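J.: this is a predicted model, with the sequence first.
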Amino acid sequence: MMRDLKRMVWRMKTNRASLRLSMVPYSLWILLFVIAPIGLIVYYSFFDLSGNFTFENYKNFFTSVYLKLTVSSFWYAFLITFFSLLISYPTAYFLTKLKHKQLWLLLIIIPSWINLLLKTYAFIGLMGLYGPVNALLEAVGIGKQQILFTDFSFVFVSVYIFIPFMILPIFNALDKLNPALIDASRDLGANAWTTFRRVIWPLTLNGVKSGVQVVFIPALSLFMITRLIAGNKVITLGTAIEQQFLVTQNWGMGSTIAVFLILFMVVILLLTTANERGMAGSGKKR
Amino acid sequence: MERNGKLPKIFLTAVFLVLYAPIFYLIFYSFNSGGTMSHFESFTWEHYAAVFEDKRLIIIVLNTVVVALLSALISTAIGVMGAITIHYMKNKAMRNAMLSMNSILMVSPDVIIGASFLILFTLVGVKLGFASVLLSHIAFSIPIVVIMVLPKLQEMSPTLIDAALDLGATRKEIMSRVILPFIKPGIFAGFFLALTYSLDDFAVTFFVTGNGFSTLSVEIYSMARTGVTLTINALSGLIFVITAALILGYYFITNRTKTPASGVKR
């Protein structure tokens, strides 16, 4: 009896006094660094350069300049995500077949822990006119090519940066896949392609979705790689925001683009958030 | 797999080669006595010596490390409190709301975080520089700590707390002798990830740093835009060694906590 009372008192206290105390810093963080910044972005999007309330920024966004920018930004993000997936899926698949797969996975992840700027900087040298890639092209007989500051170099370096983030969720999904399902599919007469299309792919779709999520959204908002590798030839939504905030100092327009980027982000999240219930349901059905 | 046994190996080898090529390329030319990244003349340590002679660069490295350590420490403390708050929350709707709030900064693009923090700091009057960079690093590291600690709290059986209470433990003792030791691996993982988040960040820092303060990422960015010196290569060689050491250290720590001895000690 006494014990139960003590427990009850503890639970009540944890719910009230001590919890309230430990809640303070974290709640403050949510208020100051999650809610307030988003609110400020939305608020600033209604003001022009001289501080007057206006819808001009939104009108501007729907002019051909910004619509073109949005479309090209999506196109590049699509290309980057597509090629990342094209390379990551087989990589993750082959990795799960290896003996020391966790160690190999770690080796894939290690380059992503090297500072992003250093890797980008390396590509400036690698792809430069006198770099090893051009030396190789010359030796093969193709001759020197302008690789840096092209669409190709931009997509290539971006894919390079994002691959480990795509491999990780797909690897986890493939690793969880019960191999008996593949055996069953083969026993029932399905060939390798049908097995992949009807069994492996649907069951690892959630991994693919989270991979797409962690690549597509950052790819929409890249600005450092566009400047260093694409030589300002590629302009993404991220570049435009950086330009408005730090170069033109037009915070209103920058915030407006940011508002749309947030909206796109929400839509992408809704489309790619792994549906656990759906997964379980489809598993039961079969 | 049996039919095309060679293909996977060739594919994986190619992926590994491409992943490591830029890193080893940088390190290779850090030993080049010629001043460029294209013709290797002869072996030298001079660029490494240059790193240590460059006072400005050393200050920037120190800035980066101090910001990373401080932000990781503070965000770990706040993140652990946050995880405990969320875990012991009775109201389910409130808890889910908190969890979604937590993940907003995890999925937000860096540019948005940077731009919105810039507005915030300017409005509140935080001087752009060390303080604003540190605050932003703390802010974007907190959610990952919460994410790493929460599963550990969920793993913990509530009977542990009941047992401690029956044995006469006070609330403070329950926190310091039961809950915190149990979630320690999660705390370490969160701290480590916060550290790497801070060390690797470029975009957010780029937005909120003023003229006088710079971290390594921002410095490399401006160096890469203006001109090429092999000092950066030497620096990247050093960073590669330190990163590798950090990763090994992390694995050493996580493997040690996994051993059953930690349970017996008490």
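T.: It's in. On a predicted model such as this, the values are computed, not experimentally measured, just so you know.
J.: list of residues touching the helix or strand hosting residue B:191?
T.: Here residue B:191, judged by DSSP states H and E, is contained in helix B:180-200. Taking contacts as CB atoms under 8 Å, 6 or more residues apart in numbering or on different chains, the residues outside helix B:180-200 that touch it are A:113, A:115-116, B:64, B:67-69, B:71-73, B:75-76, B:79-80, B:83, B:137, B:140-141, B:144-153, B:155-156, B:160, B:216-217, B:246, B:250, B:253-254, B:257-258, B:266. Where you see a C-beta, it was placed from the backbone N, CA and C, and this is true even at glycine.
J.: surely residue A:209 and residue A:269 touch.
T.: No. The pair residue A:209 / residue A:269 is not scored as a contact, 10.3 Å apart, by CB atoms under 8 Å.
J.: who has more neighbours, the two?
T.: residue A:209 (18 against 14; other CB atoms under 10 Å in any protein chain shown).
J.: and whatever residue of the stretch 51-200 of chain A ends up closest to chain B, what does it touch?
T.: Ranked by CB to the nearest CB, the top residue of the stretch 51-200 of chain A for proximity to chain B is residue A:122, at 3.4 Å. Neighbour list for residue A:122: B:22, B:23, B:25, B:26, B:236 [criterion: CB under 8 Å, 6+ apart].
J.: which among those are in contact with chain A?
T.: B:22, B:23, B:25, B:26, B:236 (CB under 8 Å from any CB of the partner chain).
J.: present the residues you listed as JSON lines; the columns should include pLDDT and distance to residue A:82.
T.: Converted to JSON lines, those look like this (pLDDT from 0 to 100; distance: CB to CB, whole Å):
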{"residue": "B:22", "pLDDT": "91", "distance to residue A:82": "22"}
{"residue": "B:23", "pLDDT": "89", "distance to residue A:82": "25"}
{"residue": "B:25", "pLDDT": "90", "distance to residue A:82": "27"}
{"residue": "B:26", "pLDDT": "88", "distance to residue A:82": "28"}
{"residue": "B:236", "pLDDT": "84", "distance to residue A:82": "30"}
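J.: looking at these, which is nearest chain A?
T.: Minimum distance to chain A across these is 3.4 Å, recorded for residue B:22 (CB to the nearest CB).
J.: surely the closest one meets residue A:126?
T.: Yes. The pair residue B:22 / residue A:126 is scored as a contact, 6.1 Å apart, by CB under 8 Å.
J.: these two: who's more crowded?
T.: Each of residue B:22 and residue A:126 has its neighbours counted (other CB under 10 Å); residue B:22 has more, 24 against 20.
J.: can you classify residue 74 as helix, strand or coil?
T.: No chain specified, so I'll use chain A. helix (DSSP: H, G, I helix; E, B strand; the rest coil).
J.: so where's chain B uncertain?
T.: Chain B contains residues with pLDDT under 70 at B:1-4, B:227-228, B:251-252, B:254-266.
J.: hmm, back to that, and the ones next to chain A among the contacts of residue A:122, which are buried?
T.: Buried members of these, counted by 16 or more other CB atoms under 10 Å in any protein chain shown: B:22, B:23, B:25, B:26, B:236.
J.: mind checking which of the residues you listed are in helices?
T.: The members of these that map onto helices under DSSP state H are B:22, B:23, B:25, B:26, B:236.
J.: give me the pLDDT for the closest residue to the first one other than its chain neighbours.
T.: Using CB to CB, 6 or more residues apart in numbering or on different chains and skipping the chain neighbours, the partner closest in space to residue B:22 is residue A:122 (3.4 Å). We note a pLDDT of 89 for residue A:122 in this prediction.
J.: burial count for residue A:21?
T.: Residues near residue A:21, counting by other CB under 10 Å, number 11.
J.: could you say which helix or strand holds it?
T.: helix A:17-29.
J.: is the helix or strand just after that helix anywhere near chain B?
T.: Remark: after helix A:17-29, the chain's next helix or strand is helix A:36-44, criterion DSSP H and E. Yes. With CB under 8 Å from any CB as the criterion, chain B is reached by helix A:36-44 at A:36, A:37, A:38, A:40, A:41, A:44.
J.: for helix A:36-44, packing partners?
T.: With contacts defined as 3 or more CB pairs under 8 Å, 6 or more residues apart in numbering or on different chains; DSSP states H and E, helix A:36-44 has these neighbours: helix A:251-272, helix B:110-124.
J.: what about the helix or strand following it, near chain B?
T.: The C-terminal neighbour of helix A:36-44 among helices and strands, as given by DSSP H and E, is helix A:56-61. No. Helix A:56-61 lies out of reach of chain B by CB under 8 Å from any CB, never closer than 13.9 Å.
J.: buried sites along helix A:56-61?
T.: A:56, A:57, A:60, A:61.
J.: I'd assumed residue A:258 was in contact with the last one.
T.: No. Here residue A:61 lies out of contact with residue A:258, judged by CB under 8 Å, at a distance of 10.8 Å.
J.: CA atoms only: put the helix or strand encompassing residue B:100 into CSV for me.
T.: Assigned by DSSP H and E, residue B:100 belongs to helix B:92-107. Extracted in CSV, the C-alpha atoms of helix B:92-107 (Å, rounded to 0.1, in the frame of the first residue of the first chain):
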residue,chain,number,x,y,z
LYS,B,92,-0.7,11.7,-26.7
ALA,B,93,-1.7,14.6,-29.0
MET,B,94,0.7,16.9,-27.2
ARG,B,95,3.5,14.3,-27.5
ASN,B,96,2.9,13.8,-31.2
ALA,B,97,2.9,17.6,-31.7
MET,B,98,6.2,17.9,-29.9
LEU,B,99,7.7,15.1,-32.0
SER,B,100,6.7,16.8,-35.2
MET,B,101,8.1,20.0,-34.0
ASN,B,102,11.3,18.2,-33.2
SER,B,103,11.6,16.9,-36.8
ILE,B,104,11.0,20.2,-38.5
LEU,B,105,14.6,21.3,-38.2
MET,B,106,15.8,17.8,-39.3
VAL,B,107,14.1,18.0,-42.6
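J.: buried stuff in it?
T.: B:98, B:101, B:102, B:104, B:105, B:107.
J.: next one: stretch B:119-131
T.: Buried-residue list, stretch B:119-131, by 16+ other CB under 10 Å: B:119, B:120, B:121, B:128, B:129, B:130.
J.: ok, the second one - contacts?
T.: When you say that, I think you mean residue B:120. A:32, A:33, A:36, A:37, A:40.
J.: and the third one, how far from residue B:139?
T.: Spelled out, that is residue A:36. Applying CB to CB, to the nearest Å, the value for residue A:36 to residue B:139 is 11 Å.
J.: more crowded one of these two?
T.: residue B:139 (22 against 18).
J.: so where does the more buried one fall, helix or strand?
T.: helix B:130-155.
J.: please point out which parts of that helix sit buried.
T.: For helix B:130-155, by 16+ other CB under 10 Å, it's B:130, B:132-150, B:152-153.
J.: report the angle between it and helix B:110-124.
T.: 120 degrees (axes from the mean of the first three to the mean of the last three CA atoms, to 10 degrees).
J.: distance between helix B:130-155 and the chain's centre?
T.: 10 Å (CA atoms, centre = their mean, to the nearest Å).
J.: other SSEs contacting it?
T.: When contacts are defined as 3+ CB pairs under 8 Å, 6+ apart, helix B:130-155 packs onto helix A:17-29, helix B:55-87, helix B:92-107, helix B:110-124, helix B:180-200, helix B:203-208.
J.: what does the last one rub up against?
T.: For helix B:203-208, the surrounding residues in contact (CB under 8 Å, 6+ apart) are A:223-224, A:238, A:242, A:245-246, B:110-111, B:113-115, B:117-118, B:121, B:128, B:132-133, B:136-137, B:140, B:215, B:217-218, B:221.
J.: what do you get for stretch A:244-264?
T.: A:38, A:40-49, A:54, A:57-58, A:60-61, A:66, A:70, A:220-221, A:237-238, A:240-241, A:243, B:108-109, B:111-112, B:115-116, B:118-119, B:206-207.
J.: and the residues you listed, which are buried?
T.: So, by 16+ other CB under 10 Å, the buried ones in these are A:38, A:40-41, A:44-48, A:54, A:57, A:60-61, A:66, A:70, A:220-221, A:237-238, A:240-241, A:243, B:108-109, B:111-112, B:115-116, B:118-119, B:206-207.
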